[in-house]
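S.K.: Provided below for reference: sequence and predicted model.
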Amino acid sequence: MFVIHAEAECRWTGCHAHSAGDWCNVFGPGWKVVKWQRCNGIFGKQEYCCN
């Protein structure tokens, strides 16, 4: 039995104003947020998205 391990492609979004949803869809369909962090002090956030 062979196991194929595929690395997920992941990217950070740019820093943007806090919003209810995530911005992972800027990379295309199927991208999901994995984690996020604050940026620009407390005013912004950016998401780490993987496909």
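M.R.: Arrived safely, thanks for sending. Numbering: from 1, shown residues only.

S.K.: Need the three-state assignment for residue 25.
M.R.: helix (DSSP: H, G, I helix; E, B strand; the rest coil).

S.K.: what about the chain, any weak spots by pLDDT?
M.R.: 1-6 (pLDDT under 70).

S.K.: Let me see the ranges of the strands in it.
M.R.: 10-12, 16-17, 32-39, 44-50 (DSSP state E).

S.K.: Quick one: residues in contact with the longest one.
M.R.: Counting by Cβ atoms under 8 Å, 6 or more residues apart in numbering, strand 32-39 makes contact with 10, 15, 22, 24, 44-51, all of which sit outside it. (Glycine included, C-beta is placed from N, CA and C.)

S.K.: Any of those buried? List them.
M.R.: 22, 24, 45-47, 49-50 (16 or more other Cβ atoms under 10 Å).

S.K.: Could you find the closest non-adjacent residue to residue 30?
M.R.: residue 51 (5.2 Å; Cβ to Cβ, 6 or more residues apart in numbering).

S.K.: doesn't residue 27 make contact with the one you found?
M.R.: Yes. Applying Cβ atoms under 8 Å, one finds residue 51 in contact with residue 27, separated by 6.9 Å.

S.K.: Tabulate the contacts of strand 32-39 (a markdown table), appending distance to residue 35.
M.R.: Shown next, in a markdown table, are these (distance: Cβ to Cβ, whole Å):
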| residue | distance to residue 35 |
| --- | --- |
| 10 | 10 |
| 15 | 15 |
| 22 | 10 |
| 24 | 11 |
| 44 | 15 |
| 45 | 11 |
| 46 | 10 |
| 47 | 7 |
| 48 | 5 |
| 49 | 9 |
| 50 | 10 |
| 51 | 15 |
